[in-house]
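Novice: Attaching a predicted model along with its sequence, questions to come.
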Amino acid sequence: MAQIVPAAPMTLQNAPQRDTSNKTNSADWKDESARIYYRKLNSEKKYIPDTSIHHFQRRSFSQPWYTNTGNSGSPQYNMLFTPEYRMGPALGYHVYDRYRFHTDSLCYYNTTRPYSEFLYQLGSKIEQQVAIMHTQNVKPNWNFAAQYRKVSSPGYYKLQRTGNDNAWLSSNYQSNDQHYSLNAGIVYNKEITDENGGIAADSFLASPDFKNRQVIPVLFQDDAYNVKRSSVTNRLRDVGFLLQHSYVIGKPDTTYNEDSTQYFYHLIPKFSITHRLQAGSEKYQYKDYTPDSARYLNIFRYGFTTEDSVSMIQKWFYTDNSLSLNGFIGKEDKQLLVSAGVGIRTDKFTTDNGLGKSSENFISNYLLGSLKKEALEEKQWDYEANVKFFFTGQTAGNFLVNASLGKDISAALGTLNIGFSQALNNAPYNYTIYQNQYYKRVNDYNKESVTQLFAIWNNDKFKCSAGIRNYLVANYIYINEQQDFDQYAKAFNITQIWLNKIFRFGVFVLDNELMYQQKTAGAPVNVPQLMGRHQLAVETRAFKKTLQIASGIDMRYHTPYKSAAYAPFFNRFYYQDNYTASNYPEVSLFFNFRLKNFRAYIMTDQMQQLFTENNIQIPGYPAQNFMIRFGFSWVMIN
């Protein structure tokens, strides 16, 4: 289910009207000073790229409360309880979601100069991340943008190599008369993980004979197959496409500058029609070239020979078409958008066990509606409500309702947002069927219900924010301790309270984040009760303020809890109640700096490992050793 959470660090520009600076009879847009901003789909709010160095050294995929199976690019688990987003049919693999790009969250840029950003990060054991993004306007009213990112690491331990490739392309266009607009995007994601099954025993971490973590025995080790690559791999690949275009009917308006040398044309919308097309495919593949009978004892019983292998492929192909009618009510800078529409989607799921295939095909219809008013000026109300309801097909009866209300009260009091959401969904496809050459399991579930209430307060003046969120979950679908797919029928609550506060004392900056969680007793979920992150840094400028510096210490911790375990066979995390994750705080030292369009950092990570064994967040999967990381980002503007 879609979550409303505090936004990632970025600068928001509230615009009183739609961007019309490129509609002029005398100014050449190419001669303007460099400006860049982007919007999200179906929003008029403008954002500019984040170029701060305050948190630049932090791993982007582990923010704010994520952890992984011990290597960069490996499966990620959120210690902050967050239900999976499921609305309508879904394949159901989510451990790589932090790395994946999604068509629904693409950015649509506008820039007066070709703009590129190159990012490179390097850590011990050849841990690497490379990314390049480029955007430019073909014309003042037509932009395209693209990004490619590579994350790879062989890891500190045996047979845990990762390799992720992620890319997206977006384009937005608006006709000169502003009647027609188009947004389009393509995403591609591929994640590959060599599975080692975890280390054979935690005691190896304390032995001086295993200071080189590469010699610690792992559960999926088979030197006869390959000493550098695992015989067990998980692979997920997906491609997505989005096209949304609208035709607007409205009242044209022309304004002039003070000396009447330029005019600005814009359209005040009254009514529009919008067509949206989404299509995509996902493919999940599990392979074990040298299966061991003991490895699968808890999954299925079968005596393997030396020539056997285990494989399973699941595929999903979908199309989603919707048409909506939209009305605009009120003044231009305070317009309320009211929409209603209907959609049709097709879904095809396939399981290939190596010996045969089974497929399921669905056609579903749904209704959708929304009302939305954005705060484009200070002290305006911001509210939104939307609903999506499936009335035919396999998901008939599923629905998602969201509502939120916010207001920038004042500079002293800050902004307040409150909201509500409720979703009723089917189990994803991979929960309903698991099949390989030797075993088949089919399950049926009741619909899962998730209700959310939240309130968020933010005050920029006092550099403070706080919030509370409560989930009510019924018919929770999960994997139990025996690694069986299961459903917990009872309704349970999880309450989350958080506080962020930044203190400044001259050049010293103390950044604090605290998160508290409380769950209903007996609920099959794993959450630490308290989590915290604190960063103490010196932030200043040097060399006539041309060099910006942020340097200090960063620490993250949580209280002991029964953490989730990882099942490579299903590429999922599951509930367990035996192992307790009780770790020392994770500590790092960092030095960040920025010189014009160039940012860089150098840091020491996992410093606590110099004095104790490696932290273990996921049973059997310890974190990296003490390591040094370096990275930089370079923005180039033509």
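Specialist: Happy to help now that I have it.
Novice: beta partners of Asp347?
Specialist: Tyr318, Phe362 (DSSP bridges).
Novice: What of Leu325?
Specialist: Ile273, Ala340.
Novice: Next one: the residue nearest to the spatial centre of the chain, what pLDDT does it get?
Specialist: Residue closest to the mean C-alpha point of the chain, counted by CA atoms, centre = their mean, is Arg98 at 4.3 Å. Looking at Arg98, its pLDDT is 95.
Novice: How about the one 3 residues further on?
Specialist: Among the per-residue scores, Phe101 holds a pLDDT of 97.
Novice: and what of the one 3 residues further on?
Specialist: Confidence at Asp104, expressed as pLDDT, is 93.
Novice: so how many other residues sit close to it?
Specialist: 14 (other CB atoms under 10 Å). Just so you know, the C-beta spots here come from the backbone N, C-alpha and C atoms, and that holds for glycine as well.
Novice: you'd agree it is in a strand?
Specialist: No: looking at Asp104 with DSSP: H, G, I helix; E, B strand; the rest coil, it is helix, so not inside a strand.
Novice: what residues are up against it?
Specialist: Residues counted as contacts of Asp104 (CB atoms under 8 Å, 6 or more residues apart in numbering) are 41, 242.
Novice: could you measure it against Asp97, distance?
Specialist: Plainly put, Asp104 is 12 Å away from Asp97 if you go by CB to CB, to the nearest Å.
Novice: what's the answer for Leu472, then?
Specialist: Noted for Leu472: a distance of 23 Å to Asp97, by CB to CB.
Novice: Now stretch 224-238: average pLDDT?
Specialist: Computed over stretch 224-238, the average pLDDT equals 93.
Novice: What would that stretch look like as PDB? C-alpha coordinates only.
Specialist: Output in PDB follows, covering the C-alpha atoms of stretch 224-238 (Å, rounded to 0.1, in the frame of the first residue of the first chain):
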ATOM      1  CA  ALA A 224      33.300 -28.500  -6.700                       C
ATOM      2  CA  TYR A 225      30.900 -26.200  -8.600                       C
ATOM      3  CA  ASN A 226      32.800 -22.900  -8.200                       C
ATOM      4  CA  VAL A 227      35.000 -21.300  -5.500                       C
ATOM      5  CA  LYS A 228      34.000 -17.800  -6.500                       C
ATOM      6  CA  ARG A 229      30.400 -18.000  -7.500                       C
ATOM      7  CA  SER A 230      27.400 -19.600  -5.800                       C
ATOM      8  CA  SER A 231      25.400 -22.400  -7.400                       C
ATOM      9  CA  VAL A 232      22.300 -20.700  -5.900                       C
ATOM     10  CA  THR A 233      21.100 -17.400  -7.500                       C
ATOM     11  CA  ASN A 234      18.100 -15.100  -7.300                       C
ATOM     12  CA  ARG A 235      17.300 -12.800 -10.200                       C
ATOM     13  CA  LEU A 236      14.600 -10.300 -10.700                       C
ATOM     14  CA  ARG A 237      14.100  -8.300 -13.900                       C
ATOM     15  CA  ASP A 238      11.300  -5.900 -14.800                       C
END
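Novice: picking up where we left off before, does the residue nearest to the centre of the chain sit in a helix or strand, and which one?
Specialist: Per DSSP states H and E, Arg98 falls between elements, in no helix or strand.
Novice: and it, what is it in contact with?
Specialist: Counted by CB under 8 Å, 6+ apart, Arg98 has contacts 61, 66, 76.
Novice: these two touch, right, the second one and Ser74?
Specialist: In other words, Tyr66. No: in this structure, Tyr66 is not within contact of Ser74 by CB atoms under 8 Å, at 11.2 Å.
Novice: Compare neighbour counts for these two and give me the winner.
Specialist: Ser74 (27 against 16).
Novice: which ones are touching the more buried one?
Specialist: Neighbours of Ser74 in contact, by CB under 8 Å, 6+ apart: 68, 155, 160, 162, 193.
Novice: Can you name the secondary structure element that comes next after the helix or strand hosting the last one?
Specialist: Secondary-structure element containing Thr193, defined by DSSP H and E: strand 180-194. Of the helices and strands lying after strand 180-194 in sequence (DSSP H and E), the nearest is strand 232-256.
Novice: before we move on, back to that, what inclination does the strand holding Thr193 have with respect to strand 232-256?
Specialist: 160 degrees (axes from the mean of the first three to the mean of the last three CA atoms, to 10 degrees).
Novice: If we go by neighbour counts, what in strand 180-194 is buried?
Specialist: 181, 183-194 (16 or more other CB atoms under 10 Å).
Novice: What's the separation between the residue nearest to the centre of the chain and Ser60?
Specialist: Arg98 is 9 Å from Ser60, by CB to CB.
Novice: Also compute the angle for the strand or helix carrying Ile268 relative to strand 180-194, please.
Specialist: Per DSSP H and E, Ile268 falls inside strand 263-288. Between strand 263-288 and strand 180-194, the angle comes out at 20 degrees (the same axes, to 10 degrees).
Novice: Just name whatever secondary elements strand 263-288 is in contact with.
Specialist: On a contact count with 3 or more CB pairs under 8 Å, 6 or more residues apart in numbering; DSSP states H and E, strand 263-288 meets strand 232-256, strand 310-329, strand 336-352.
Novice: can you pull the buried residues of it?
Specialist: For strand 263-288, by 16+ other CB under 10 Å, it's 264, 266-269, 272, 274, 276, 278-280, 282-288.
Novice: ditto for stretch 615-628
Specialist: Neighbour counts using 16+ other CB under 10 Å place 615-627 of stretch 615-628 among the buried residues.
Novice: got the end-to-end distance for it?
Specialist: 17 Å (CA to CA, to the nearest Å).
Novice: Mind listing residues that contact stretch 590-603?
Specialist: 51, 53-54, 56-57, 537, 546-554, 588-589, 604, 628-637.
Novice: ends of that stretch, how far apart?
Specialist: Terminal residues of stretch 590-603 are spaced 4 Å apart (CA to CA).
Novice: residue ranges with poor pLDDT in the stretch 251-400 of the chain?
Specialist: Applying pLDDT under 70 to the stretch 251-400 of the chain flags residues 257-261, 263, 301-302, 306.
Novice: coming back round to it: and the strand holding Thr193, what does it pack against?
Specialist: strand 162-174, strand 232-256.
Novice: What strands line up against the shortest one, and which way round?
Specialist: Spelled out, that is strand 162-174. strand 142-153 (antiparallel), strand 180-194 (antiparallel).
Novice: The strand holding Thr193 - what's its average pLDDT?
Specialist: Mean per-residue pLDDT for strand 180-194: 97.
Novice: What of stretch 509-526?
Specialist: 95.
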